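[1] Test case, fold it:
(3 chains)
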Amino acid sequence: MSNFFYFLELLGLIAFALSGISVAITKKYDLLGIFVIAFSTSLGRGTLRDFLLGDLPVNWMRHIEYIYIIFFVIFISKFFLKKNKYLKKIIFLFDTIGLGIFTLIGIEKGLAFGFNPTISVLLGTITATFGGVIRDILCREKPILFKKELHGTICIAGGISFFILKFFKMNESFIYIFTLIWIILLRWLSLKYKLDLPVFFTKEESKNLD
Amino acid sequence: MSNFFYFLELLGLIAFALSGISVAITKKYDLLGIFVIAFSTSLGRGTLRDFLLGDLPVNWMRHIEYIYIIFFVIFISKFFLKKNKYLKKIIFLFDTIGLGIFTLIGIEKGLAFGFNPTISVLLGTITATFGGVIRDILCREKPILFKKELHGTICIAGGISFFILKFFKMNESFIYIFTLIWIILLRWLSLKYKLDLPVFFTKEESKNLD
Amino acid sequence: MSNFFYFLELLGLIAFALSGISVAITKKYDLLGIFVIAFSTSLGRGTLRDFLLGDLPVNWMRHIEYIYIIFFVIFISKFFLKKNKYLKKIIFLFDTIGLGIFTLIGIEKGLAFGFNPTISVLLGTITATFGGVIRDILCREKPILFKKELHGTICIAGGISFFILKFFKMNESFIYIFTLIWIILLRWLSLKYKLDLPVFFTKEESKNLD
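    As a prediction, this is how the structure comes out:
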């Protein structure tokens, strides 16, 4: 099982590095800037999770290969990002796969440290979304969590379905694969039909506080 | 005594959650955005304090009820924030109570870990103000610490009076209650008379460095 | 040797406090704001490094004198920053010395915790540059790492030369002094000749992703 998770981790790493690179490029950052953004997006999330859990030194410091992989992805992306006309869709796909993978990994780590489902789903959501928040703070963009894209909501929905399946004692591999597909499907639907969370406070209520 | 602190912690939690919610609403964030801001404002401060102390996993991960309370406060605020015409004053009051409470809690935790008064006052100030700094970074506002509102200065003044009273061996409960009232009073005075810290560098000196 | 490092740490502390103060002044922050920025710039870097290593409570909490030194530097700077017409050059010099010193300290600490050269150079670069990133986020400036100033690149170059000299078993003191001078020289050259990292992605490629 640990091999399977290691494979997922690498896949998610590459997905989020690509997502970071693509934002850094539009900001016209130089090579180091691109590395920092790619690094923060793909490893920042795990860093916060490991801080919260007290699992130090943080995970990536024990996996030097992660850093080499990020460099490799940057160089590959030079050729990869140039020609492809399906570029945006591919980046969206990678980003979504990463979202699903890191939700799973965060939940697993929470459970492994003996936390209950609520905290574990929260850790999963933090692991999946925090990299993007760092990326957006460093790039001085509005944090993606607060854009109407259901980013975090989908992680929570994925986490809840994870524990429902677990409650019914489904096969573990099935739970992982189902949750992953479920998260990807939700994200795709939310984009296709421009789903939003209902606005909780009306405009008038907002004005009250201005 | 620990019951008393737990009660204070809950009160401060609610106060800062409300303060976060009220900023998030003016930003027209959706439900998840509001939760993230409320969560960061009310629990982010303790997270930094526990990181600095090495007291991991951080406090809120062992108190799942905190998360439920934040949700509850968000739903209550839907009705609470709507009708009241004294809204701004109530939020200011809550914010100030939270400021006092978390200064006290930070100081106590610093002392419990064996640190001297200077570090403890610093921890108290960090605990009381850092949530607001995170909130403002996430909302892309100018961090409140740097607005001319004496926010942090008041925490330091409260911390100093705390240790003066302790030095004269006053009753512990008296010290807590006095410090709390003292901080609330200072904040109210600073708003009423628009007190500012003296500008340390003149405009001309600022230009020298531009 | 530990005395030598303590001396370096103090020198770097002062250098980065000055660099933080000079940015905070141009932002017209009040006394507390200046302290927070000076504090974050000079101690924030070590805080992230110690988090990553799990070396908690963080270093500065065990060195209360650091806080007093920052206060002292702020008061001194009142007189120091006023009259001098070589001001910008002096601040640049201090900033560069700090950059060199903290790269060295970060590398040393990484090695002391048993990490390999790649992770150690990364820690050195984080230690040297992260304070500036916090300062720029708090001041809502574009993070210096992403400005075309080769800030981080120079730390990496310094780190690499450190390990090349170590590989050839040079005298330890020589390695430290050489790396320090090498970093200062590189930074000065990069400013003088306006060196930039080659842009890795062309403008056209940037547009592809917009």
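[2] okay, CA-based contacts and neighbour counts for the rest of this
    OK.
[3] Summarise which helices and strands the helix or strand harbouring A:T129 is packed against.
    For A:T129, the element it lies in under DSSP states H and E is helix A:117-138. In terms of contacts (3 or more C-alpha pairs under 8 Å, 6 or more residues apart in numbering or on different chains; DSSP states H and E), helix A:117-138 is packed against helix A:31-53, helix A:87-112, helix A:151-167.
[4] Need these in CSV (columns: mean pLDDT).
    Below are those laid out as CSV (pLDDT from 0 to 100):
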stretch, mean pLDDT
helix A:31-53, 80
helix A:87-112, 83
helix A:151-167, 87
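[5] Chain C: which of these is closest?
    Nearest to chain C among these is helix A:31-53 (5.2 Å), distances taken as C-alpha to the nearest C-alpha.
[6] tell me the angle of the next helix or strand after the closest one relative to helix A:87-112?
    Remark: after helix A:31-53, the chain's next helix or strand is helix A:64-83, criterion DSSP H and E. For helix A:64-83 against helix A:87-112, the angle by axes from the mean of the first three to the mean of the last three C-alpha atoms, to 10 degrees is 160 degrees.
[7] tell me the mean pLDDT over helix A:64-83?
    For helix A:64-83, mean pLDDT is 81.
[8] elements contacting it?
    Partner elements for helix A:64-83 (3+ C-alpha pairs under 8 Å, 6+ apart): helix A:2-26, helix A:31-53, helix C:203-208.
[9] how far does that helix sit from the chain's center?
    A distance of 18 Å separates the centroid of the chain from that of helix A:64-83, by C-alpha atoms, centre = their mean, to the nearest Å.
[10] Run through the residues that contact the most centrally placed residue in chain A.
    Central residue of chain A (C-alpha atoms, centre = their mean): A:A128, 3.1 Å from the mean position. Applying C-alpha atoms under 8 Å, 6 or more residues apart in numbering or on different chains, we find A:A128 in contact with A:45, A:98-103, A:106, A:155.
[11] Check A:G20 too.
    A:34, A:37-42, A:132, A:135.
[12] Recalculate using a threshold of 6 Å.
    Shown in contact with A:G20 (C-alpha atoms under 6 Å, 6 or more residues apart in numbering or on different chains): A:37-38, A:41.
[13] Compute the number of surrounding residues for the residue nearest to it when sequence neighbours are not counted.
    The spatially closest residue to A:G20, leaving aside those adjacent along the chain, is A:A38, at 4.5 Å (C-alpha to C-alpha, 6 or more residues apart in numbering or on different chains). Other residues within reach of A:A38, judged by other C-alpha atoms under 10 Å in any protein chain shown, total 30.
[14] Ok, A:F113 next?
    That count, for A:F113 with other C-alpha under 10 Å as the rule, works out to 13.
[15] Near chain C, which residues of chain A are found?
    A:25-26, A:30-31, A:33, A:56-58, A:82 (C-alpha under 6 Å from any C-alpha of the partner chain).
[16] By neighbours, which of these wins?
    With neighbours taken as other C-alpha under 10 Å, the top of the residues of chain A next to chain C is A:G33, carrying 27 neighbours.
[17] of all the contacts of A:A128, which comes closest to chain B?
    Distances from chain B to the contacts of A:A128, taken by C-alpha to the nearest C-alpha, are shortest for A:C155, at 11.2 Å.
[18] show me the contacts for the closest one.
    So A:C155 contacts A:T125 (C-alpha under 6 Å, 6+ apart).
[19] Would you mind checking which of the contacts of A:A128 is nearest to C:Y66?
    Of all these, the one with the least separation from C:Y66 (C-alpha to C-alpha) is A:R45, at 30.7 Å.
[20] Now A:S161: closest residue in space that isn't a chain neighbour?
    A:T179 (6.8 Å).
[21] and the strand or helix carrying the one you found with helix A:2-26, angle?
    Per DSSP H and E, A:T179 falls inside helix A:172-192. Inter-element angle recorded for helix A:172-192 and helix A:2-26: 20 degrees (by the same axes, to 10 degrees).
[22] for helix A:172-192, which positions count as buried?
    A:175-176, A:178-184, A:186-187, A:190 (16 or more other C-alpha atoms under 10 Å in any protein chain shown).
[23] In a markdown table, list the residues you listed along with distance to B:E65.
    Output for these, formatted as a markdown table (distance: C-alpha to C-alpha, whole Å):
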| residue | distance to B:E65 |
| --- | --- |
| A:I175 | 27 |
| A:Y176 | 28 |
| A:F178 | 30 |
| A:T179 | 26 |
| A:L180 | 29 |
| A:I181 | 31 |
| A:W182 | 29 |
| A:I183 | 27 |
| A:I184 | 31 |
| A:L186 | 29 |
| A:R187 | 30 |
| A:S190 | 31 |
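[24] who's in contact with stretch A:101-118?
    With C-alpha under 6 Å, 6+ apart, stretch A:101-118 has contacts from A:120-121, A:123-125, A:127-128.
[25] so which of the residues you listed is the most crowded?
    That'd be A:L123 among the contacts of stretch A:101-118, by other C-alpha under 10 Å, with 33 neighbours.
[26] ok now do that one, which residues does it touch?
    So A:L123 contacts A:G106 (C-alpha under 6 Å, 6+ apart).
[27] hmm, back to that, tell me the spacing between the residue nearest to the centre of chain A and A:L8.
    Look at A:A128 and A:L8: by C-alpha to C-alpha, to the nearest Å, they are 13 Å apart.
[28] A:F130 too?
    Taking C-alpha to C-alpha, one finds A:F130 at 18 Å from A:L8.
[29] So these two - more neighbours on which side?
    Legend: neighbour count by other C-alpha under 10 Å for A:F130 and A:L8, higher for A:F130 (25 against 19).
[30] Count the residues that sit near the residue lying closest to the more buried one once chain neighbours are set aside.
    Excluding the flanking residues, the one nearest A:F130 by C-alpha to C-alpha, 6+ apart is A:R45, at 4.9 Å. Neighbours of A:R45 under the rule other C-alpha under 10 Å: 24.
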